[in-house]
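Enquirer: sequence and predicted structure below; questions after.
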Amino acid sequence: MKVKDIMTQSVVCCGAKTNVGAAVELMWVRNCGMLPVIGPDKTLVGVVTDRDICIAMGTRNQLAGELSVGEIATKNVFTCKPDEEIHEALQTMANNHVRRLPVVNDKGTPQGMLSVDDIITHGDLDKSEGCCELSSKEIIRRLKQLYGQKLPVVHRKAAAA
């Protein structure tokens with residue numbers, strides 16, 4: 001299975017000069033947790049996540065409208081290509097401890113987004129559908145790599161008696 005078969009194709013991007021408030025609005029409206037940041041030539045120059053924004057807003061004494069995405073974006077970005085095998089993309093995620101990969105063409109222009117959710121949703125489908133070579137066992141093994149054997153702990157309040 002190829003990345004292009006399961007990636008989210010309607011990727012929304014922002015520029016480095018976009019203010020953080022506008023980026024938050026894009027994330028809210030498009031229901032996404034990461035935005036590719038593109039340069040004037042429309043190639044990928046970084047990414048900004050909802051976590052990046054949360055940390056920036058909590059540690060800087062600036063309003064969201066005064067802070068640019070370029071000031072907080074991650075510049076060292078791991079990517080994949082549309083024709084790459086899902087196994088390779090999943091390995092990239094696991095090796096680099098990232099849950100999302102921008103999908104770029106040969107020129108570096110964003111074409112989509114691949115997330116762990118996409119892989120889980122499309123993995124282990126019935127082979128008679130002609131779709132999947134990715135087993136749930138392999139997905140779990142890679143997720144353990146991604147999370148360093150420590151899957152997130154869900155904390156719940158005890159019900160009052």
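Expert: It's in. Numbers count the residues shown, from 1 in each chain.

Enquirer: contacts, neighbours, all on C-alpha from now
Expert: Noted.

Enquirer: what about stretch 27-43, average pLDDT?
Expert: Across stretch 27-43, the average pLDDT comes to 95.

Enquirer: centroid residue for the chain?
Expert: The geometric centre of the chain, computed from its C-alpha atoms, lies nearest to Arg100 (C-alpha atoms, centre = their mean), at 2.5 Å.

Enquirer: now it: closest residue in space that isn't a chain neighbour?
Expert: For Arg100, ignoring the flanking residues on the chain, the nearest one in space by C-alpha to C-alpha, 6 or more residues apart in numbering is Ser115 at 4.2 Å.

Enquirer: can you give me phi and psi for that neighbour?
Expert: The phi/psi pair for Ser115 (degrees, to the nearest 10) reads phi -120, psi 160.

Enquirer: and the nearest residue to Asn19 once chain neighbours are set aside, how close does it get to Gly58?
Expert: Leaving out its chain neighbours, the residue that sits closest to Asn19 by C-alpha to C-alpha, 6+ apart is Ser68, at 4.2 Å. According to C-alpha to C-alpha, to the nearest Å, Ser68 and Gly58 sit 15 Å apart.

Enquirer: please apply the same query to Glu85.
Expert: Distance from Glu85 to Gly58, by C-alpha to C-alpha: 38 Å.

Enquirer: in terms of contact, does Gln70 touch Lys17 like I think?
Expert: For the record, residue 70 is Gly, not Gln. Yes. With contact defined as C-alpha atoms under 8 Å, Gly70 counts as touching Lys17 (6.1 Å).

Enquirer: where in this structure is pLDDT low?
Expert: 123-136, 139, 142-143, 145-161 (pLDDT under 70).

Enquirer: sorry, back to before: out of Glu85 and Gly58, which sits in the busier spot?
Expert: For Glu85 versus Gly58, neighbours defined as other C-alpha atoms under 10 Å are more numerous around Glu85 (15 against 10).

Enquirer: just confirm that one contacts Lys2, I think it does.
Expert: Yes. The pair Glu85 and Lys2 qualifies as a contact (C-alpha under 8 Å) at a distance of 4.5 Å.
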